[in-house]
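Participant: no sequence on this one, just coordinates:
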């Protein structure tokens, strides 16, 4: 199964795996799953790290991506145009972009964020 990881799920997997649900943890550990992280999440992590809200370095993130066999899903113009169609349930711009990607790609999102469930068509794994 192909699955898009929300930023928080990736961060939990790296530094606090005990915060993951059993289902999210099993998705990450199953080698048959194709785990993806949005390029938007990389930006969010970089910004939060640079302002001191997150203690992850570039090297940490690169190593975690390799260790967990996570591929990067680029954010495209098609994804951006999908944001125009979204309701305003979720105010976080990073979350909205991830939702748009999941809808466009027709893949589930591993997230603990309940706001994702408010969007018709978004399949949440948690």
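Facilitator: Great, that's in hand. Only a predicted model underlies this, so the values are computations on that prediction, with no experimental measurement involved.
Participant: from the middle of its chain, how far away would stretch 86-101 be?
Facilitator: 12 Å (Cα atoms, centre = their mean, to the nearest Å).
Participant: ok, and for it, which residues are buried?
Facilitator: For stretch 86-101, a neighbour-count test (16 or more other Cβ atoms under 10 Å) marks 90, 94, 95, 96, 97, 98, 99, 100, 101 as buried. Backbone N, C-alpha and C define where each C-beta goes, glycine included.
Participant: Now do the same for that stretch: mean pLDDT, whole number.
Facilitator: Stretch 86-101 carries an average pLDDT of 93.
Participant: again with stretch 118-126
Facilitator: The model assigns stretch 118-126 a mean pLDDT of 96.
Participant: Go through it and flag the buried ones.
Facilitator: Applying a neighbour-count criterion of 16+ other Cβ under 10 Å, one finds 119, 122, 124, 125, 126 buried in stretch 118-126.
Participant: Mind putting the buried residues of stretch 86-101 into a markdown table with distance to residue 27 and secondary structure?
Facilitator: A markdown table is the format used below for those (distance: Cβ to Cβ, whole Å; DSSP: H, G, I helix; E, B strand; the rest coil):
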| residue | distance to residue 27 | secondary structure |
| --- | --- | --- |
| 90 | 21 | coil |
| 94 | 20 | helix |
| 95 | 19 | helix |
| 96 | 22 | helix |
| 97 | 21 | helix |
| 98 | 16 | helix |
| 99 | 18 | helix |
| 100 | 21 | helix |
| 101 | 17 | helix |
